[in-house]
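In: attaching a predicted model along with its sequence, questions to come.
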Amino acid sequence: MPDQNVKVTVIMNPAAGRRRMGRVVGFVRQLQQAGLQAQIVATRYRGHATILARMAVQERTCTHIVAAGGDGTVAEVAEGMAGSDIILGILPVGTANVLARELRVPFDDVQNARNIAGGACTVIWPGRLRSSEGECLFVQMVGIGFDAHVVHVVSTRLKKAIGRAAYVLATLGSLWKYRFPTMTVSVDDVSHAAASVIVSKGALYAGKYVLTPRSMQEHRQFSVVLFGTAGIGSSIRYAIALLRGNLSRQKDVTILMAQKVEITIPCNMPVQSDGDARGLTPIRIDMPDRALRIAV
Ligand SMILES: Nc1ncnc2c1ncn2[C@@H]1O[C@H](COP(=O)(O)OP(=O)(O)OP(=O)(O)O)[C@@H](O)[C@H]1O
């Protein structure tokens with residue numbers, strides 16, 4: 001029997017993925033058919049999802065917020081509601097939707113709506129990034145170096161037109177343009193040298209590819225993946241290893257569990273979080289005390 005007190009606000013990013021308004025409307029209809037009250041609010045600009053989620057928490061206008069978008073939208077919504085008792089749902093209509101894959105949120109919208117109505121949820125711990133653009137939560141990962149350069153240069157228009165293939169083209173272009181400087185990474189106060197770094201809450205990357213053997217979503221820690229060798233050849237080797245699922249077995253890839261990462265040298269390295277450009281180094285990443293309840 002559905003709970004009549006369940007009120008769902010769907011925060012929809014109209015700029016995510018390939019503009020799937022019809023799918024969001026259909027999903028809301030599914031929620032309503034399951035006996036829940038549901039409404040859609042569309043974001044109007046970058047960061048708006050955080051403001052909408054924060055207002056919903058403060059005014060207690062709903063019991064659930066569904067982030068309709070990709071990982072960037074989920075992260076913005078999380079920023080506004082983490083630490084509250086509101087449950088976060090995900091309607092994966094973005095480009096990569098890594099967190100939804102990680103948590104096995106159904107891509108079948110009927111099943112997803114049923115799960116939300118059913119009330120099952122899990123608790124995850126987002127990380128916090130401080131960079132030249134200020135502070136934000138991340139739900140899946142932060143990249144510093146080569147992958148962040150790809151995110152900084154990928155064309156939004158191409159992403160809309162061809163989806164994840166836009167990242168493949170941007171990666172090929174970046175192989176020639178990126179200079180591959182080495183950085184000093186402090187991981188829980190121990191210094192390491194790396195060509196590129198990915199700090200990850202989850203096990204997956206760029207969709208369904210295995211980055212680390214273990215997801216840390218349910219822990220107050222993250223994995224730190226240090227890519228040891230700079231240059232075009234090594235980057236291609238890392239990409240192939242990622243596609244084949246054996247990245248963690250590369251001799252020059254180190255994976256550490258940690259709660260704090262700092263990169264101060266060199267300055268001005270590109271930074272991305274959850275697939276969105278987030279300014280430049282210096283950065284600090286840690287684990288705030290704000291959990292997220294997520295419908296699964
Ligand atoms: N109304 C809007 N207009 C323009 N940009 C927006 C709007 N609302 C949100 N955004 C921005 O859209 C960006 C992309 O969103 P999101 O990451 O959810 O989609 P995606 O990139 O297609 O998916 P993924 O991260 O899974 O690859 C985010 O940086 C977000 O801040």
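Out: Arrived safely.
In: roughly how far does the closest residue to the ligand within the chain sit from V151?
Out: Per Cβ to the nearest ligand atom, G70 is where the chain lies closest to the ligand, at 1.9 Å. In this view, the C-beta of every residue, glycine as well, is placed from N, C-alpha and C. For G70, the distance to V151 (Cβ to Cβ, to the nearest Å) stands at 12 Å.
In: surely A170 touches F146?
Out: No - with contact defined as Cβ atoms under 8 Å, A170 does not count as touching F146 (11.1 Å).
In: between these two, who's got more neighbours?
Out: Comparing A170 with F146 by neighbour count (other Cβ atoms under 10 Å), the higher total belongs to F146, at 24 against 19.
In: tell me the pLDDT at that one?
Out: You'll see F146 listed with a pLDDT of 96.
In: how much space between it and P282?
Out: The gap separating F146 from P282 is 18 Å, by Cβ to Cβ.
In: so where is the protein shaky, pLDDT-wise?
Out: 1-4, 19 (pLDDT under 70).
In: give me that answer again for 90
Out: For the chain, residues meeting the criterion pLDDT under 90 lie at 1-5, 16-21, 95-96, 156-164.
In: domain assignment for it?
Out: Recorded structural domains for the chain (assignment: automatic domain parsing) are 7-119, 127-287.
In: okay, these in TSV with distance to A295 next?
Out: Converted to TSV, those look like this (distance: least, Cβ to Cβ, whole Å):
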stretch	distance to A295
domain 7-119	4
domain 127-287	14
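In: most neighbours per residue, which of those?
Out: domain 7-119 (a mean of 20; mean count of other Cβ atoms under 10 Å).
In: how far is that domain from where the chain is centred?
Out: Averaging C-alpha positions (Cα atoms, centre = their mean, to the nearest Å) puts domain 7-119 14 Å from its chain's average.
In: quick one: end-to-end length of that domain, please.
Out: End-to-end distance of domain 7-119 (Cα to Cα, to the nearest Å): 12 Å.
In: OK, contacts around the residue of the chain closest to the ligand?
Out: Neighbouring residues of G70 by Cβ atoms under 8 Å, 6 or more residues apart in numbering: 13, 16-17, 92-97, 274-275.
In: give me the subset of those touching the ligand.
Out: Counting by Cβ under 6 Å from any ligand atom, 13, 16-17, 94-97, 274-275 from those sit close to the ligand.
In: sort out for me which of these are in strands.
Out: Using DSSP state E, no member of those sits in strands.
In: would you point out the most distant pair within the contacts of G70?
Out: Within the contacts of G70, V93 and D274 form the most distant pair, 15.0 Å apart (Cβ to Cβ).
In: can you list the residues of the stretch 1-150 of the chain near the ligand?
Out: Proximity of the stretch 1-150 of the chain to the ligand (Cβ under 6 Å from any ligand atom) is limited to residues 13-17, 43-46, 48, 69-73, 76, 94-97.
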